[in-house]
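Engineer: need the 3D shape of this:
(one chain, ligands or ions: 1)
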Amino acid sequence: MSKKIGFIGLGTMGGPMSQNLMKAGHSLTVYDINGEALESAIASGAIAVSSPKEVSQGVDILICMLPASQHVISAAYGENGFLAGLKKGTVVIDMSTIDPGTTRSVYAHVKEAGCEMLDAPVSGSSAGAISGTLTIMVGGDKAIFDEQNEILSAMGTNIIHCGAIGMGETVKLANNLVAAVSMAAVSEAFALAQAKGADAQVLFDVISKSSGNCWALQTRCPAPGVVPDSPSTNDYAPGFMTKLMQKDLGLALTAANEANVPLYMGALVRELYATTSNMGYSDSDFSAISKLYG
Ligand code: NAD
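Structural biologist: Predicted coordinates:
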């Protein structure tokens with residue numbers, strides 16, 4: 001059934017996700033601080049408005065796909081925030097990867113407004129956002145999750161309920177910890193073997209069929225020219241920006257601190273991605289970590 005959906009954040013992920021919602025027959029009202037990001041949504045039939053409050057007025061569902069906690073906070077609160085415009089019964093779905101504590105505090109305000117909320121961060125990169133095949137990790141009430149399955153299915157194929165509100169974010173941070181560490185490991189392995197004279201294509205052919213095979217290698221091989229559509233082949237164009245991986249590792253470290261769990265590798269790779277950013281690759285795909293090895 002066609003729904004009225006508000007969508008905030010039309011970047012690498014939110015742009016194609018909002019397009020897929022329109023293709024599924026839903027009507028969209030959109031907002032982004034970047035005028036250019038609004039253009040293609042408007043061309044596809046979305047209505048653009050000029051504040052998060054206006055986006056949230058009169059919609060059945062409000063979706064956010066913003067970079068980090070501070071952007072969700074600024075979109076939610078204040079005179080022009082989306083909380084000020086929500087009508088009773090709207091379901092807020094925050095698909096940004098943010099701190100689970102921020103998720104829970106926004107949730108408390110959403111409930112006060114007589115509305116419901118799910119956290120639903122994603123995995124699958126820009127390619128998955130375009131093809132509508134994202135993995136979506138959802139926290140929140142199971143009945144609301146079941147009710148929103150049709151909407152989430154317009155953007156993803158693996159839609160998994162992870163637990164109470166904020167648990168989608170927690171599971172997402174665990175996933176990105178694996179992706180961050182494995183990308184560093186693949187980069188280091190290539191640097192070593194290539195320095196000893198191995199051919200990058202041969203390395204890929206062997207490791208992708210052996211025990212070292214992983215997503216970082218298969219889709220994001222850091223050696224240019226090996227995987228045709230990989231960011232490294234395209235001058236490390238994102239993809240998933242190094243600064244976003246740094247943010248997610250920071251969130252994982254905060255969670256680890258709260259839970260008193262040591263993150264030996266998480267702490268180390270966070271520093272490696274910070275150095276990669278400082279070398280000028282902050283807005284490049286996180287496979288640019290391979291630049292640390294020359
Ligand atoms: P992005 O920077 O490409 O897009 C973010 C968009 O939000 C931009 O268009 C920006 O102008 C807009 N924006 C920023 N602040 C705003 C505000 N206050 N109000 C309205 N709009 C605002 O980021 P992205 O790659 O699309 O990532 C979005 C989220 O998805 C992040 O949390 C990221 O960690 C997560 N994520 C990204 C990927 C990926 O491969 N890019 C994969 C999985 C998850």
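Engineer: only C-alpha atoms from now on, for both contacts and neighbour counts.
Structural biologist: Fine.
Engineer: which helices and strands sit right next to the helix or strand containing A189?
Structural biologist: Using DSSP states H and E, the element containing A189 is helix 167-195. The contact analysis (3 or more Cα pairs under 8 Å, 6 or more residues apart in numbering; DSSP states H and E) places helix 167-195 against helix 100-112, strand 116-119, strand 134-139, strand 156-163, helix 200-207, helix 215-220, helix 242-259, helix 264-276.
Engineer: how about stretch 82-93: buried residues?
Structural biologist: Residues 82-88, 90-93 are the ones in stretch 82-93 that count as buried (16 or more other Cα atoms under 10 Å).
Engineer: now A46: closest residue in space that isn't a chain neighbour?
Structural biologist: L28 (5.0 Å; Cα to Cα, 6 or more residues apart in numbering).
Engineer: no no, S2
Structural biologist: Spatial nearest neighbour of S2, chain neighbours left out: H26 (4.8 Å); criterion: Cα to Cα, 6+ apart.
Engineer: how near is that neighbour to the ligand?
Structural biologist: Applying Cα to the nearest ligand atom, to the nearest Å, the value for H26 to the ligand is 20 Å.
Engineer: might one say that that residue is in contact with I5?
Structural biologist: Yes - H26 is in contact with I5 according to Cα atoms under 8 Å; the separation is 6.9 Å.
Engineer: neighbour count for those two, which is higher?
Structural biologist: Remark: of H26 and I5, I5 carries more neighbours, 26 against 18, as counted by other Cα atoms under 10 Å.
Engineer: low-scoring stretches of the stretch 101-250 of the chain, by residue?
Structural biologist: Across the stretch 101-250 of the chain, not a single residue meets the criterion (pLDDT under 70).
Engineer: close to the ligand: what parts of it are there?
Structural biologist: 122-126, 239-240, 244 (Cα under 6 Å from any ligand atom).
Engineer: neighbour-wise, give me the winner out of these.
Structural biologist: When neighbours are counted by other Cα under 10 Å, V122 leads those with 25 neighbours.
Engineer: and the gap between the residue lying closest to that one once chain neighbours are set aside and S211?
Structural biologist: Closest residue to V122 apart from its sequence neighbours, by Cα to Cα, 6+ apart: I136 at 4.5 Å. Distance of I136 to S211, given as Cα to Cα, to the nearest Å: 27 Å.
Engineer: so how far does stretch 84-92 reach from one end to the other?
Structural biologist: Using Cα to Cα, the two ends of stretch 84-92 sit 13 Å apart.
Engineer: related to what we said a few turns ago, hang on, the residue nearest to A46 packs against L10?
Structural biologist: No - L28 is beyond contact range of L10, at 11.9 Å (criterion: Cα under 8 Å).
Engineer: between those two, which contacts overlap?
Structural biologist: Shared contacts of L28 and L10 (Cα atoms under 8 Å, 6 or more residues apart in numbering): S18.
Engineer: return the nearest residue of the stretch 101-250 of the chain with respect to the ligand.
Structural biologist: Nearest residue of the stretch 101-250 of the chain to the ligand (Cα to the nearest ligand atom) works out as S125 at 3.3 Å.
Engineer: find the nearest non-adjacent residue to that residue, please.
Structural biologist: G239 (6.2 Å).
Engineer: per-residue pLDDT, M1?
Structural biologist: The model reports M1 with a pLDDT of 83.
Engineer: that one: neighbour count?
Structural biologist: Using other Cα under 10 Å, M1 is surrounded by 7 other residues.
Engineer: pretty sure the residue of the stretch 101-250 of the chain closest to the ligand contacts G11?
Structural biologist: No - with contact defined as Cα under 8 Å, S125 does not count as touching G11 (11.9 Å).
Engineer: D119 reaches E169, doesn't it?
Structural biologist: Yes - D119 is within contact range of E169, at 6.8 Å (criterion: Cα under 8 Å).
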